[in-house]
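J.: Sequence and predicted structure are below.
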Protein chains: 2
Amino acid sequence: MARLVMKFGGTSVANVERIRNVARHVKREVDAGYSVAVVVSAMSGKTNELVGWCKDAAALHDQREYDAVVASGEQVTAGLLAIALQNIGIAARSWQGWQVPILTSDAHGSARIQTIDGVQLLSGFERGEVAVIAGFQGIHQPSGRITTLGRGGSDTSAVAVAAAIEADRCDIYTDVDGVYTTDPRVVPKARRMERISFEEMLEMASLGAKVLQVRSVEVAMVHGVRTYVRSSFDDPADPKSGTLICKEEDIVEAQVVTGIAFSRDEAQITLRGVADKPGVAAAVFVPLAEAGVNVDMIVQVASEDTMTDMTFTVPAAEYERCVAILEKARPAIGYAALTGAKDVAKVSAIGIGMRSHAGVAARAFKALADKGVNIRAITTSEIKFSVLIDAAYTELAVRTLHSLYGLDAA
Amino acid sequence: MARLVMKFGGTSVANVERIRNVARHVKREVDAGYSVAVVVSAMSGKTNELVGWCKDAAALHDQREYDAVVASGEQVTAGLLAIALQNIGIAARSWQGWQVPILTSDAHGSARIQTIDGVQLLSGFERGEVAVIAGFQGIHQPSGRITTLGRGGSDTSAVAVAAAIEADRCDIYTDVDGVYTTDPRVVPKARRMERISFEEMLEMASLGAKVLQVRSVEVAMVHGVRTYVRSSFDDPADPKSGTLICKEEDIVEAQVVTGIAFSRDEAQITLRGVADKPGVAAAVFVPLAEAGVNVDMIVQVASEDTMTDMTFTVPAAEYERCVAILEKARPAIGYAALTGAKDVAKVSAIGIGMRSHAGVAARAFKALADKGVNIRAITTSEIKFSVLIDAAYTELAVRTLHSLYGLDAA
């Protein structure tokens, strides 16, 4: 029988009534002939409650104990959904990460899945059982300690389980009905995409679209897991369409630009009067990397013969810390002045069609200039380009690009 | 180093602040040189919440899934206490039942501990670690499913761990400061006992004293685990005395009567005009046993030559169900009439001294008669006797017996 993984997030399992609704979604797929593995998150709010208790117990807490505490949330949902499924006549059993087992690294709090042994799950399928798997968690061996994958890890659990049991598809049920060309709250004319390629989705997720965790898309791309984003709020008897994330070759009509992403959690730092010589970039970025800062959008512009300006972005929450680090490193770097801005935003256009179309970005620069949007920095890659602008122009820029590339709904 | 087990119940770990207080109790014993294993319950209210969700998910729920859900409560407390201990400089790690492992039967929801492998816990002691163990739970093999021991099971977990690691003592921290000669709410002159024998404590617990679970006392008695009941609400730096439950030979001055227990959760059933012949008792009690009813205090009085009256008690909550069963079985039993009463109470006096003193119970019957308390039924055993009386006389009877046997505080 064909195999299906279904994943339900926190709002989809927020209380027992919603868990019973999830059971009806599962029943539909079982009735359609699928062998089903369901991956569940903790009931919404539960993880925050557990994290809060850990923080109250000690500001600096042992991540191994944090994991033991926090993993309990998914365990509860898995058991309750198994009960709800049995109640409507569907054989089911719950699986905790250590029971499957889902083996992970020992990076407690943000562990990476290493291998998933699907043998017991497949035996369950042979007995006609739905496997209800606690997402977000695993076990490290030989320590035997429970691990968690970090926030949003249940998406990754689901895709990895789908890869392990060679599922036909991994359905991610969420509180939106698919992936949109951009955030519909900003652009009312945004359209739900029928399909998007793994590469595009990876860029969309990395660049601020929050519908899927970046890591889950990476795992899906590596293992070729067809991933379907859809709404858990649909009528279980008559669900609507979502967005299929699939291989590029499965997309018949590739568009030049597929979607517009944006992020307001950016801060810009510019170092003026930096010597344009080897080793300077290392002097700037090594201390930031050692402090765990994720640097993005690095741009270097020659301003004088031997001097240059260096601009880059960091997460807005890290801005003050980065400034302190760079001031401390000033003797080693040797810059003339440090300027920065926290009220900036990054707007990006993504599309696999860019590979074969020249001048895609250039059209954007002109359109934005026409609207009076000042571009502070630009970065490009094979299938996307990003511009850094004043945060106040975010919506205007997103709408402008959305129209420019023909993404507005009719 | 000497080993100690400390057990903290739900009210002792009701919130993070109280868990931090528990950590201070543990620190005191570590500082005193003990290798410590701590057994914890779920935060008070949590188990009820989890049980409620299971019931909401399905009235008739799979006990295996119920166990997976409900066991999460103790898991959370164990992790939080490990964090709180580390925060005050005590090395600690949490252990879930399956990690120890604590192997149990597969009677999900009321499993029995079979063996506890103490090897890993002892290795932890050698590393100077406190072991924080989730009580109430275990694992069944080879199924690999989580089990729970039933309500109050954490006491049993603690005593069983103490036996497995050959602890010097098992300290049960609770919301009272020991075992009293009777319920102080009924008899203000009730006294805390310094010591009580396993046998007496087993009777006290069986007969209504709620300070310890009956099964934990059984396990303590079988393995000779010195069990100390004490208060978790004491100042951790200056704790008060509790009650030591120990072998009879460790009690220097055995009293004739040690304590008075009582239970209001009783109902009386009397079958009148039953044939006084073999097989009748079986006709009465087999159907009740098959229905899972715990019958107590069976008394049979010959009223005519070949006829007899049969009186026994059942839990008050089971009364209506028992009457229905007995009416259905009336043709097989052949009784003339069934009478019953729910407003009855059982009052018991317990003491190992009864073995060597004649007439202990007779004094009680006279004292109760003098106060006008009508005795409906009497049962005796080697170290206790019980009387069934009208519930309205419970307090009067308890106080009368408490005074009679010299238990009142000066």
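T.: Nice, I can see it.
J.: so which strand or helix has A:Val344?
T.: Here A:Val344, judged by DSSP states H and E, is contained in strand A:337-350.
J.: Would you tell me what the next helix or strand after that strand is?
T.: Assignment by DSSP H and E places the next element after strand A:337-350 at helix A:360-370.
J.: didn't A:Val16 look like it was pressed against B:Ala58?
T.: No. With contact defined as C-beta atoms under 8 Å, A:Val16 does not count as touching B:Ala58 (9.6 Å). Using the backbone N, CA and C atoms, a C-beta is placed for each residue, glycine as well.
J.: Can you tell me what sits against the helix or strand encompassing A:Leu388?
T.: Assigned by DSSP H and E, A:Leu388 belongs to strand A:384-390. Outside strand A:384-390, the residues within contact range by C-beta atoms under 8 Å, 6 or more residues apart in numbering or on different chains are A:203, A:207, A:266, A:268, A:297, A:313, A:343-351, A:354, A:360-361, A:364-365, A:368, A:373-380, A:397.
J.: For the least confident helix or strand in chain A by mean pLDDT, give me every contacting residue.
T.: For chain A, using mean pLDDT, DSSP states H and E, the weakest element among its helices and strands is strand A:296-302, scoring a mean of 81. For strand A:296-302, contacts defined as C-beta under 8 Å, 6+ apart pick out A:266, A:276, A:281, A:285, A:308-314, A:346, A:377-379, A:386, A:388.
J.: got it, and stretch A:82-94?
T.: Contact with stretch A:82-94 is made by A:16, A:19-20, A:22-24, A:26-27, A:30, A:75, A:78-79, A:81, A:124, A:127-134, B:54, B:57-58, B:60-62, B:64-66, B:68-69, as judged by C-beta under 8 Å, 6+ apart.
J.: So which of those residues sit within helices?
T.: Taking DSSP state H, the ones among these that sit in helices are A:16, A:19-20, A:22-24, A:26-27, A:30, A:75, A:78-79, A:81, A:124, B:54, B:57, B:64-66, B:68-69.
J.: for chain A, what spans make up the helices?
T.: Listed in chain order, the helices of chain A (DSSP H) span A:16-31, A:46-57, A:63-70, A:72-87, A:119-126, A:153-164, A:198-206, A:214-223, A:280-290, A:319-328, A:330-333, A:360-370, A:394-404.
J.: Who are the contact partners of A:Glu199?
T.: By C-beta under 8 Å, 6+ apart, A:Glu199 lies in contact with A:221, A:248, A:352, A:383.
J.: got a winner among these for most neighbours?
T.: Scoring the contacts of A:Glu199 on neighbours with other C-beta atoms under 10 Å in any protein chain shown, the highest-scoring entry is A:Ile352 at 22 neighbours.
J.: quick one: contacts for it?
T.: Applying C-beta under 8 Å, 6+ apart, the residues near A:Ile352 are A:197, A:199-200, A:248, A:251, A:254, A:258, A:383.
J.: Tell me how far A:Pro239 lies from B:Asp238.
T.: Distance, A:Pro239 to B:Asp238, using C-beta to C-beta, to the nearest Å: 64 Å.
J.: With neighbour numbers in mind, choose between these two.
T.: Set A:Pro239 next to B:Asp238 and count neighbours by other C-beta under 10 Å: A:Pro239 wins out with 18 against 7.
J.: Got phi/psi on the residue minimising distance to the centre of chain A?
T.: Residue closest to the mean C-alpha point of chain A, counted by C-alpha atoms, centre = their mean, is A:Gln213 at 2.0 Å. The phi/psi pair for A:Gln213 (degrees, to the nearest 10) reads phi -70, psi 140.
J.: How about it, nearest residue that isn't a chain neighbour?
T.: Leaving out its chain neighbours, the residue that sits closest to A:Gln213 by C-beta to C-beta, 6 or more residues apart in numbering or on different chains is A:Gly152, at 3.8 Å.
J.: close enough to count as contact, A:Ala364 and A:Leu404?
T.: Yes. Between A:Ala364 and A:Leu404 a contact is recorded at 6.5 Å, counting by C-beta under 8 Å.
J.: Pick out whichever of the two has more residues nearby.
T.: Legend: neighbour count by other C-beta under 10 Å for A:Ala364 and A:Leu404, higher for A:Ala364 (24 against 18).
J.: Could you list the residues of chain A in contact with chain B?
T.: Selection of chain A residues close to chain B by C-beta under 8 Å from any C-beta of the partner chain yields A:16-17, A:19-20, A:50, A:53-54, A:56-58, A:60-62, A:64-66, A:68-69, A:71-73, A:75-76, A:78-84, A:86-87, A:93-94, A:96, A:98-99, A:144, A:146.
J.: out of the residues you listed, which are buried?
T.: Using 16 or more other C-beta atoms under 10 Å in any protein chain shown as the burial test, the residues of chain A next to chain B include A:16, A:19-20, A:50, A:53-54, A:56-58, A:61-62, A:64-66, A:68-69, A:71-73, A:75-76, A:78-84, A:86-87, A:93-94, A:96, A:98-99, A:146 as buried.
J.: Nearest to chain B: which residue in the stretch 101-250 of chain A?
T.: The nearest approach of the stretch 101-250 of chain A to chain B comes at A:Gly144, 5.9 Å away (C-beta to the nearest C-beta).
J.: just checking, that residue touches B:Val100?
T.: No. Between A:Gly144 and B:Val100 there is no contact, the gap being 10.3 Å when judged by C-beta under 8 Å.
J.: Next one, pLDDT for A:Asp305 please.
T.: Per-residue pLDDT puts A:Asp305 at 68.
J.: ok, now A:Gly353?
T.: At A:Gly353, the pLDDT value in this model is 86.
J.: Ok, A:Gln213 next?
T.: Looking at A:Gln213, the pLDDT reads 88.
J.: Repeat that for A:Ala362.
T.: As predicted, A:Ala362 sits at a pLDDT of 89.
J.: residue ranges with poor pLDDT in chain A?
T.: Low-confidence segments of chain A (pLDDT under 70): A:302-305.
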